[in-house]
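Asker: Compute the structure for the input listed below.
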Amino acid sequence: MNQNASQSDRSVQAAVEEIVRSGVGVADRVAGLIGRAAAQAQDAGEDLVDVARGAVTGAVDAVKTEEGSDRADLLKEVIQGLGQGFSNAALTARLAVEEARSHGKAFAETDLQKMRADLETLSRLYAETISDGVKKLSATSSEELSRLSEHASAAADRLRPALSAAVEAVREHPVDSATTAAHAGSEAVRKSAGSLFTLMGEFLSGVGDRLNRS
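Answerer: The predicted structure follows:
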C-alpha cells in the first residue's frame, strides 16, 4: 500500500481492494464508498483526485493475480463505480448549495472555494488518473491498456456534466463571510448553512435535509 497517501486515501485503497477481491456488487459498492469518501476527503482538506488515485491503486492491487479477461472486467466495474460515486457526490454538492440558497442560508467561502477547485481538477484529470493507475498493472498488454484507457475516457465524459453543474452551482452560491455581510446593506445577514461537506455526507448517507432548521 502507498505509504505516501493520506490516511483517508489509504482507507479508500484498502476498502476498494477488499471489494474487488470479493467480486460481489463491485460497481455499486465502489460507488457508495466513493460518494462518502469524497465528502470526507473534502472535510479533511484532501483532494478528490487523490481519492480516485487511491481507489484505482486498490483495484490494481486486488486484480494482480487475476487472468486477463477477468482482470479487465473487474477494473471496468471499478471505473464504472468510481464515475457513479463522484457523480453522486457532485449531485449532492449541487443539491446542498441549491437547498441552502432556497432557505436564505450560505456556506463558508473556504468550503465553496475548496469544492469548486477540486471539482474542476477532478474533471480535468479524472481519465488521466485512472489510466496512470492501470498502467502500473504488470503483464498487461498494450491492447488491454488501450481498452481500459478508452473506458476511463468514456467514464470521464459521462461524469463531466455532473461536475460542471456542481461547479456552476457552487460559483453562484452566496458566501457566509464578512464580505457578504459588508455588502448586505440593510438586508438581514444570511444564516450559516453549516459545513457543506458535513451536509454532503448526510445526504449521501440518506440522513436527509437539515437546512429547514433555524
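
Asker: shaky segments in the protein?
Answerer: Within the chain, the ranges that satisfy pLDDT under 70 run 1-8, 68, 139-140, 174-195, 197, 199, 201-214.

Asker: helices or strands up against the lengthiest strand in it?
Answerer: Determined from DSSP state E, the single longest strand within the chain is strand 105-108. Judged by 3 or more CB pairs under 8 Å, 6 or more residues apart in numbering; DSSP states H and E, the packing partners of strand 105-108 are helix 68-102, strand 175-176, strand 191-192. For every residue, glycine as well, the C-beta is placed using N, CA and C.

Asker: please redo it, this time with the cut-off set to 6 Å
Answerer: On a contact count with 3 or more CB pairs under 6 Å, 6 or more residues apart in numbering; DSSP states H and E, strand 105-108 meets strand 175-176.

Asker: Nearest residue to S11 in space, please, no chain neighbours.
Answerer: Closest residue to S11 apart from its sequence neighbours, by CB to CB, 6 or more residues apart in numbering: A37 at 7.6 Å.

Asker: Can you show me the helices along the chain?
Answerer: Assigned by DSSP state H, the helices in the chain fall at 7-22, 26-43, 48-63, 68-102, 109-134, 142-172, 178-182, 196-204.

Asker: Would you convert those helices into JSON lines that also reports mean neighbour count?
Answerer: JSON lines is the format used below for those (neighbours: other CB atoms under 10 Å):
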{"stretch": "helix 7-22", "mean neighbour count": "20"}
{"stretch": "helix 26-43", "mean neighbour count": "23"}
{"stretch": "helix 48-63", "mean neighbour count": "25"}
{"stretch": "helix 68-102", "mean neighbour count": "22"}
{"stretch": "helix 109-134", "mean neighbour count": "20"}
{"stretch": "helix 142-172", "mean neighbour count": "17"}
{"stretch": "helix 178-182", "mean neighbour count": "11"}
{"stretch": "helix 196-204", "mean neighbour count": "22"}
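
Asker: any idea how far the residue lying closest to K76 once chain neighbours are set aside lies from F107?
Answerer: Using CB to CB, 6+ apart and skipping the chain neighbours, the partner closest in space to K76 is H151 (5.5 Å). Distance of H151 to F107, computed by CB to CB, to the nearest Å: 35 Å.

Asker: now do S131
Answerer: Counting by CB to CB, the gap from S131 to F107 is 33 Å.

Asker: Same check on E67?
Answerer: Distance, E67 to F107, by CB to CB: 48 Å.

Asker: Please apply the same query to V24.
Answerer: From V24 to F107 the distance is 37 Å (CB to CB).

Asker: Which one's more surrounded, those two?
Answerer: For V24 versus F107, neighbours defined as other CB atoms under 10 Å are more numerous around F107 (27 against 9).

Asker: Just to check, S87 is in contact with A162?
Answerer: Yes: counting by CB atoms under 6 Å, S87 touches A162, with 4.4 Å between them.

Asker: Could you check how far D47 is from H103?
Answerer: 29 Å.
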